[in-house]
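Visitor: Have a look; sequence and predicted model below, questions after that.
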Amino acid sequence: MRIVFMGTPDFAVPSLKRLISDGYEIVGVFTQPDKPKNRGMKLTPSPVKVVALEHEIPVYQPTTLKTDEAYDVLTALKPDLIVVAAYGKILPKRILELPKLGCINVHSSLLPRYRGAAPINWAILNGEDETGVTIMYMAEGLDTGDMISQRATPIDPNETVETLHDRLAEIGADLLSETVTAIQNGTAVRTPQDDAQSCYAPMLGRELSPIDFGRTAHQIHDQVRGLIPWPAASLELKGQIFKVFAVEETGQTSEKSAGTFLGADKKGVNVVCGDGKVLRILEWQAPGKKRMSAADYLLGHTLPVEG
């Protein structure tokens, strides 16, 4: 089977590696153009490109797939199947119709829930206790194609986007291997999505960052977990914006008003939330500083606290 793989970030790497180890003929890898990174703004290849080059697979990096040139390149590769995992670009209809076995996508949610760009983040932001991976045939709509396979996994109450992302990437690779085998054997089953059960996971923005301590401690806990590493939850303290990377629910309560800093201990900084419960800030980042434990920050700074 001739496969073209399309993917860009770390999430897609296990899927590409699994197809390679399964012995499929990867005739080309499409990934986003190299992007400038860090202070030196040096052009940096995507994680998928790095793996492709290590295995001497031809790499293509068009800025769009809507041109005749991109279509002609794909046509010349004669793929039987196109596999997409977090590629980051829209596939036009004529490309979706090009491979005889179709185009499939590795999507990090239990479709039809959390269609869109940031399903892992929104599952945590919304306090879900389960998510998973869906592999589907691609259609013109946003993550609306018929499903082929799904695998669910629980979300730990303290799990962050970073750890869940890595777990789902591996689950996706396992499921992809099984699904491609089924497609090759002609045993893959198409299951239409129930649009009535759908919800969307739009791209993240900095407008999601500010913490409203009028919300419940649990909601804020989910906000912090769901926005790591970017854009990160944030709070204003002494006129400065602090990014917040770790909190915990203490189980304690207070009659003080929401947003009141009660003080600190060896673990962190305690703040009252809208439901009267106390949330402990464990790790944050002051402007121009490195991430550090809130307790360490307090060794050289004071807070506006109420006992």
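Guide: Sure thing, it's come through. A quick note: this is a predicted structure, and the numbers were derived from the prediction, not measured. Residues are numbered from 1 along each chain as shown.
Visitor: switch to C-alpha atoms for all contacts and neighbour counts from now on
Guide: Will do.
Visitor: List the buried residues of stretch 201-214.
Guide: 201, 209-211, 213-214 (16 or more other C-alpha atoms under 10 Å).
Visitor: right, I mislabeled it, should have said stretch 173-185
Guide: Applying 16+ other C-alpha under 10 Å to stretch 173-185 flags 173-177, 179-180 as buried.
Visitor: can you put the residues you listed in a markdown table and add secondary structure and distance to Lys289?
Guide: Converted to a markdown table, the buried residues of stretch 173-185 look like this (DSSP: H, G, I helix; E, B strand; the rest coil; distance: C-alpha to C-alpha, whole Å):
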| residue | secondary structure | distance to Lys289 |
| --- | --- | --- |
| Ala173 | helix | 37 |
| Asp174 | helix | 40 |
| Leu175 | helix | 41 |
| Leu176 | helix | 41 |
| Ser177 | helix | 43 |
| Thr179 | helix | 46 |
| Val180 | helix | 47 |
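Visitor: and the residue nearest in space to the middle of the chain, what does it touch?
Guide: Nearest residue to the geometric centre of the chain (C-alpha atoms, centre = their mean): Ile120, 4.6 Å. Contact analysis of Ile120 by C-alpha atoms under 8 Å, 6 or more residues apart in numbering lists 108-109, 161, 164-165, 226.
Visitor: That one and Asp22: what is the separation?
Guide: Computed with C-alpha to C-alpha, to the nearest Å, the distance linking Ile120 and Asp22 is 27 Å.
Visitor: what's stretch 9-26 in contact with?
Guide: In contact with stretch 9-26 (C-alpha under 8 Å, 6+ apart) are residues 1-5, 7, 46-48, 51, 57, 85-87, 165-166, 169-170, 172-174, 176-177.
Visitor: For PyMOL, write the select line for the buried members of these.
Guide: Buried subset of the contacts of stretch 9-26, written as a PyMOL selection, criterion 16+ other C-alpha under 10 Å:
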select buried, resi 2+3+4+5+7+46+47+48+51+57+85+86+87+165+169+170+172+173+174+176+177
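Visitor: hmm, back to that, which phi and psi does the residue nearest to the centre of the chain have?
Guide: phi -70, psi -50 (degrees, to the nearest 10).
Visitor: Over to Gln32?
Guide: The phi and psi values for Gln32, taken as degrees, to the nearest 10, are phi -70, psi 150.
Visitor: please begin residue numbering at 13 from this point
Guide: Okay, residue one is now 13; in that scheme the one you just asked about reads as Gln44.
Visitor: Excluding chain neighbours, give the residue nearest to it in space.
Guide: Closest residue to Gln44 apart from its sequence neighbours, by C-alpha to C-alpha, 6 or more residues apart in numbering: Gln73 at 5.3 Å.
Visitor: In this model Ala307 seems to touch Leu294, though I could be wrong.
Guide: Yes. Assessed by C-alpha atoms under 8 Å, Leu294 is found in contact with Ala307 at 7.3 Å.
Visitor: Identify the contacts common to these two.
Guide: By C-alpha under 8 Å, 6+ apart, the residues touching both Leu294 and Ala307 are 279-281.
Visitor: with these in mind, which one is nearest to Ala270?
Guide: Val281 (14.3 Å; C-alpha to C-alpha).
Visitor: roughly how far apart are Thr228 and Val173?
Guide: 20 Å.
Visitor: So between these two, which is more surrounded?
Guide: The residue with more neighbours, out of Thr228 and Val173 and counting by other C-alpha atoms under 10 Å, is Val173; that gives 22 against 18.
Visitor: is it true that that one touches Ile136?
Guide: Yes. Contact status for Val173 versus Ile136: in contact at 7.3 Å, counting by C-alpha under 8 Å.
Visitor: Spell out which residues are contacts of both of the two.
Guide: The contact lists of Val173 and Ile136 share 237-238, where a contact means C-alpha under 8 Å, 6+ apart.
Visitor: for the stretch 13-162 of the chain, what spans make up the helices?
Guide: 25-33, 59-66, 80-89, 105-108, 131-137 (DSSP state H, counting those that start in this stretch).
Visitor: among those helices, which is the most enclosed?
Guide: Ranked by mean neighbour count, these are led by helix 131-137 with a mean of 24 (mean count of other C-alpha atoms under 10 Å).
Visitor: Among the buried residues of stretch 185-197, which one lies nearest to Ala298?
Guide: The closest of these, once distances to Ala298 are taken by C-alpha to C-alpha, is Ala185, at 37.8 Å.
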